[in-house]
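# from the sequence below, what's the structure:
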Amino acid sequence: MADRKKKRHMRRAASVLLSVGIALLAGDAVARPQGPVPPEGQAVLQEAVAWVRGGQKLRVQYDYLMTAKLRLLFFWVGKDDVGGGYVNRGSAAAGPQMEMFQLLFGSEPAKARGINRWGAATEVVRRGPNGSGAAEASAFFGFMKASRGASVAEMEKELSKEGQSGAHLFEAIINRVDGNGGISKVVPFHSQQDFNLHELEKTQQVVFDRLAGEAGRVKRVDAQMRAACAKANGFLSSVAELVDAALEGRKPPFETCYFYHGARFTMKVVKTEAIREKKISVSLRGQEQPFERKYNDLLRVEFRIDNHNTGKVSRFELLLGTKGDLRGAPVQIDYQPNWWFRVILNLQRLGTGETKQGE
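This is a model prediction of the structure:
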């Protein structure tokens with residue numbers, strides 16, 4: 001009897017932790033408002049939206065399987081194949097100087113006991129005339145099926161309330177940074193439709209409509225703040241910058257900086273380690289055979305991110321391919337925001353070659 005109760009608790013915790021994890025992965029989007037958007041700021045945000053809504057030319061796509069784990073005192077319990085997502089990289093249709101990054105991650109309700117937590121982001125970076133050199137400006141658009149709970153118990157209450165009310169909380173952001181500073185707008189809203197990660201286009205349309213309204217929390221980056229970080233990158237392009245440096249053999253520590261919703265962040269590579277061989281095995285729901293891969297000549301890279309507004313520190317690791325088509329590919333993404341939660345994303349498929357989207 002005790003064993004059955006223990007197993008039920010483990011299954012319940014493994015499901016709820018996924019909701020907690022998606023909330024923690026969302027970052028520090030909530031901020032105090034700074035008043036309505038002035039006309040010039042509204043024009044900048046509208047341009048940022050136009051950048052991310054334009055057509056994209058994809059060069060590479062990485063598809064992932066998600067594993068979520070929860071520490072119960074002295075051991076980890078978790079579930080494989082509870083969700084997934086992708087990371088895309090390419091260029092925006094506006095021109096070769098516009099580099100583009102996309103990601104989407106979340107739970108599969110059918111695989112995660114009905115839990116539906118997910119998020120998506122697009123970042124466009126404008127570089128020099130030939131698409132080279134430092135970023136001159138960036139636009140970041142993202143949204144998530146939001147969660148407020150910071151523990152398993154709080155998340156259980158939130159899921160129960162959501163199921164009873166039928167109101168599903170989302171939160172969206174549009175963030176723009178250039179040489180003059182930055183401006184961002186965050187809009188939380190409720191939807192009667194419980195969109196999932198397979199309904200990206202429909203959800204994006206709703207989100208863009210909400211961002212176009214007057215409601216929202218606005219944050220700005222003034223000249224004084226901008227002087228502390230001369231970069232115009234966003235989060236995704238900052239990761240790419242440090243990955244390139246690590247693959248080129250730069251010795252840690254090394255860092256870059258970026259702004260997100262009025263806050264300055266420092267992203268640092270604190271350690272790299274060559275991995276000669278790595279075997280990966282992920283149990284697949286409804287299948288007898290697990291998903292298995294064997295990799296050689298990988299590079300493990302440890303990252304640290306500091307939020308200079310709040311003092312919060314977060315960490316994650318990437319396991320990168322170093323040769324051939326896998327060079328620069330994150331074959332595994334490992335994020336543990338606190339002592340009791342961990343999410344692991346394993347590369348399932350790698351697609352290369354130019355394709356067009358959204359034109």
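
# in the helix or strand hosting Pro337, what's buried?
Per DSSP states H and E, Pro337 falls inside strand 330-338. For strand 330-338, the neighbour count (16 or more other CB atoms under 10 Å) marks Pro330, Val331, Gln332, Ile333, Asp334, Tyr335, Gln336, Pro337 as buried. Just so you know, the C-beta spots here come from the backbone N, C-alpha and C atoms, and that holds for glycine as well.

# for that strand, what is the distance to the chain centroid?
11 Å (CA atoms, centre = their mean, to the nearest Å).

# wait, which of the buried residues of strand 330-338 is closest to Ser107?
Tyr335 (14.8 Å; CB to CB).

# pLDDT below threshold where in the stretch 101-250 of the chain?
130-132, 147-153, 155-156 (pLDDT under 70).

# before we move on, the earlier item: quick check: the farthest pair among the buried residues of strand 330-338?
Val331 and Pro337 (21.2 Å).

# hmm, who's touching stretch 310-324?
Under the criterion CB atoms under 8 Å, 6 or more residues apart in numbering, residues 28, 239, 243, 246-247, 263, 275, 278, 295, 297-307, 327-337 lie in contact with stretch 310-324.

# for the stretch 201-350 of the chain, what spans make up the strands?
Applying DSSP state E, counting those that start in this stretch to the stretch 201-350 of the chain gives strands spanning 217-221, 254-260, 263-282, 291-307, 313-321, 330-338, 341-357.

# packing partners of the fourth one?
Other helices and strands packing on strand 291-307, by 3 or more CB pairs under 8 Å, 6 or more residues apart in numbering; DSSP states H and E, are helix 235-247, strand 263-282, strand 313-321, strand 330-338, strand 341-357.

# and if you look at the third one?
In this structure, strand 263-282 makes packing contacts with helix 235-247, strand 254-260, strand 291-307, strand 330-338, judged by 3+ CB pairs under 8 Å, 6+ apart.

# ok and that strand relative to strand 291-307, angle-wise?
160 degrees (axes from the mean of the first three to the mean of the last three CA atoms, to 10 degrees).

# in strand 263-282, which residues are buried?
Ala263, Arg264, Phe265, Thr266, Met267, Lys268, Val269, Thr272, Ile275, Ile280, Val282.

# turn these into CSV, columns for distance to Tyr86 and pLDDT.
CSV is the format used below for the buried residues of strand 263-282 (distance: CB to CB, whole Å; pLDDT from 0 to 100):
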residue, distance to Tyr86, pLDDT
Ala263, 27, 95
Arg264, 29, 96
Phe265, 24, 97
Thr266, 27, 98
Met267, 22, 97
Lys268, 26, 98
Val269, 24, 99
Thr272, 25, 99
Ile275, 23, 98
Ile280, 17, 97
Val282, 16, 96
